[in-house]
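Engineer: got a structure for you, letters missing:
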């Protein structure tokens, strides 16, 4: 993990005394507080609501794409990675649904247009082409997820959603680093196969 990113993650995951739960600069006018002046649970602001929707879309896509790749992948490392993506993001999605229900946030139940298009594109590919396209997409998706989780920790008001984002961040960064490593291996393999044979003359 790059040093700068590691420092950021450690800062976000600091102990309760330093953790930011609730964001005074983004609270709604009707926010209710406890006797210590902290916002009561399940009072999402606009950033929380947008985060929950985008996070649900991302997890839905990861589950569906992971299931597809677990069936179609030609490389063992890709197949294993895809199976774990389907499992990890299914667990995260169920946790997010429970929090969203308590906070009164309606979540999407189907892939958005972008992820549906990606799914259809991958369905047309086979073998090594599929594996590389899937892993390239995984790098992009987990980069976006990392930024989304950091954004919620920084700007959210709903403590449950902020804690969900903070606790999920190390897992997502781990997924990202593994996706990058597998993508690099697949790219190197394709480049090696594409090299012209060395002439013996």
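Structural biologist: Looks like it came in fine. Because the structure is a prediction, the values reported are computed rather than measured. Residues are numbered from 1 along each chain as shown.
Engineer: For burial, what's the neighbour tally of residue 117?
Structural biologist: 11 (other C-beta atoms under 10 Å). In this view, the C-beta of every residue, glycine as well, is placed from N, C-alpha and C.
Engineer: Walking through the protein, point out its helices one by one.
Structural biologist: 3-12, 46-72, 76-103, 113-123, 127-155, 159-194 (DSSP state H).
Engineer: could those be laid out in TSV, adding mean pLDDT?
Structural biologist: Shown next, in TSV, are the helices of the chain (pLDDT from 0 to 100):
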stretch	mean pLDDT
helix 3-12	47
helix 46-72	97
helix 76-103	97
helix 113-123	98
helix 127-155	96
helix 159-194	93
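Engineer: And the residue nearest the centre of this structure?
Structural biologist: residue 145 (3.6 Å; C-alpha atoms, centre = their mean).
Engineer: where's that residue relative to residue 47, distance?
Structural biologist: 16 Å (C-beta to C-beta, to the nearest Å).
Engineer: again, but for residue 55
Structural biologist: Distance from residue 55 to residue 47, by C-beta to C-beta: 12 Å.
Engineer: Find the residues that touch each one of the two.
Structural biologist: Residues touching both residue 55 and residue 47 by C-beta atoms under 8 Å, 6 or more residues apart in numbering: residue 152.
Engineer: Of these two, give the one with the bigger neighbour count.
Structural biologist: It is residue 55, of residue 55 and residue 47, that has more neighbours when counted by other C-beta under 10 Å, with 25 against 18.
Engineer: quick one: contacts for the residue lying closest to that one once chain neighbours are set aside?
Structural biologist: Take residue 55 and drop its neighbours on the chain: the residue closest to it by C-beta to C-beta, 6 or more residues apart in numbering is residue 96, 5.8 Å away. Residue 96 sits next to 52, 55, 56, 59, 107, 164 when contact means C-beta under 8 Å, 6+ apart.
Engineer: Is the last one in contact with residue 95, as I believe?
Structural biologist: It refers to residue 164. Yes: if you go by C-beta atoms under 8 Å, residue 164 and residue 95 touch, sitting 6.4 Å apart.
Engineer: out of those two, which sits in the busier spot?
Structural biologist: Shown here are residue 164 and residue 95; by other C-beta under 10 Å, residue 164 has more neighbours (24 against 15).
Engineer: From residue 118, how far off is the more buried one?
Structural biologist: Taking C-beta to C-beta, one finds residue 164 at 25 Å from residue 118.
Engineer: same deal with residue 170?
Structural biologist: Counting by C-beta to C-beta, the gap from residue 170 to residue 118 is 25 Å.
Engineer: and what of residue 130?
Structural biologist: Residue 130 sits 12 Å away from residue 118, going by C-beta to C-beta.
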